[in-house]
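No letters, just coordinates:
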């Protein structure tokens, strides 16, 4: 089974933890969505997290979607805990960058996006809270293009934005308007077009995935996480663009991104870049690189 390490990043209060709860609910991991204000969410387990209604420490929870295992790594959104986010970025295969529809692109959104661009991490932009009064979708898209990147591809159409009932329509890859936008983003497709070669829907899909994986194109999706709107489509997109990504089978190498302690002892969380470990295998760490070492070497 394919495995994806997924990160969800957002400015505080954009709805990151609610989106996480929605994914777990849709995947059948929980019977009901928790509430941030009530302190009943799965990923915010610390007393201080429940009290303040924010994520402080990274947490990991796994579920399956479309026959792919997703390791969802929930990260803090508050600026005070940015170091927790930085330690996680290097193990992620794909990221969902959440933007609150009314508040739009904020300072920390730009900081996150700059880091993601530097690391070439495939990123899906998710516009949350489309039902909030005062939302102007067209203005928000212009802001994203101006403050983040012009290399975006809108993958949905919305009706009733800014009202209680938002309708979401996924745009298929055989849509002519979407194909034209994708064509203008791809040197490969442009070359085929200039040479009067046939471009099939499969060609568009292949290049679509290639551009996203290479950090050269950012799909834009949206919904209302609190109402479970847009979440299934988002997870379908994530599994579609990251399917069949296999680790290299070579000498074992991995990156430790979290060390936690509980009553049973020390728990070390890591992501492997090559080779694999099986249950009950033993691994000996000769030296653990700290964050200062990493930044000096990069």
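Cool, the structure landed. Here the structure is a predicted model, which is why all the values come from computation and not from measurement. Residues are numbered from 1 along each chain as shown.

so where's the stretch 151-298 of the chain shaky on pLDDT?
Along the stretch 151-298 of the chain, the parts satisfying pLDDT under 70 run over 245-298.

any idea where the strands of it begin and end?
With strands called from DSSP state E, counting those that start in this stretch, the stretch 151-298 of the chain shows them at 152-154, 156-159, 167-170, 218-222, 253-262, 265-274.

do the same with the stretch 1-150 of the chain
Assigned by DSSP E, counting those that start in this stretch, the stretch 1-150 of the chain shows strands spanning 3-10, 59-65, 68-74, 94-100, 123-128.

can you pull the contacts of residue 240?
66, 209 (C-beta atoms under 8 Å, 6 or more residues apart in numbering). Using the backbone N, CA and C atoms, a C-beta is placed for each residue, glycine as well.

Quick check: end-to-end length of stretch 102-110?
16 Å (C-alpha to C-alpha, to the nearest Å).

Just give me how far it sits from the chain centre.
Distance, stretch centre to chain centre, for stretch 102-110: 16 Å (C-alpha atoms, centre = their mean, to the nearest Å).

in it, what's buried?
Across stretch 102-110, burial judged by 16 or more other C-beta atoms under 10 Å covers 102-106, 108-109.

So for these, which is the shakiest by pLDDT?
On pLDDT alone, residue 108 ranks lowest of those, at 89.

Might you list the low-confidence residue ranges for the stretch 1-150 of the chain?
In the stretch 1-150 of the chain (pLDDT under 70), the answer is 36-41, 43-59, 76-85.

returning to that earlier point: for the strands of the stretch 1-150 of the chain, which one sits closest to residue 194?
Residue 194 lies closest to strand 123-128 among the strands of the stretch 1-150 of the chain, at 29.3 Å (C-beta to C-beta).

next one: stretch 222-238 to chain centre, how far?
Distance of stretch 222-238 from its chain centroid, counting by C-alpha atoms, centre = their mean, is 12 Å.

Not counting its own residues, what contacts that stretch?
Residues from elsewhere that reach stretch 222-238 (C-beta under 8 Å, 6+ apart): 4, 6, 15, 18-19, 21-23, 25-27, 33, 65-66, 70, 94, 96, 101, 124, 126-131, 155-156, 158, 166, 168, 170, 219, 221.

So what's the residue count around the closest residue to residue 172 other than its chain neighbours?
Using C-beta to C-beta, 6 or more residues apart in numbering and skipping the chain neighbours, the partner closest in space to residue 172 is residue 178 (7.7 Å). Here the number of neighbours of residue 178 (other C-beta atoms under 10 Å) works out to 17.

Residue 183 versus residue 194, what's the distance?
Residue 194 sits 11 Å away from residue 183, going by C-beta to C-beta, to the nearest Å.

Those two: which is more packed in?
Taking other C-beta under 10 Å, residue 194 and residue 183 do not tie; residue 183 has more neighbours (17 against 8).

Would you mind giving the strands of the stretch 1-150 of the chain as a markdown table with mean neighbour count and distance to residue 42 added?
Below are the strands of the stretch 1-150 of the chain laid out as a markdown table (neighbours: other C-beta atoms under 10 Å; distance: least, C-beta to C-beta, whole Å):
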| stretch | mean neighbour count | distance to residue 42 |
| --- | --- | --- |
| strand 3-10 | 23 | 13 |
| strand 59-65 | 17 | 6 |
| strand 68-74 | 21 | 9 |
| strand 94-100 | 25 | 17 |
| strand 123-128 | 26 | 18 |
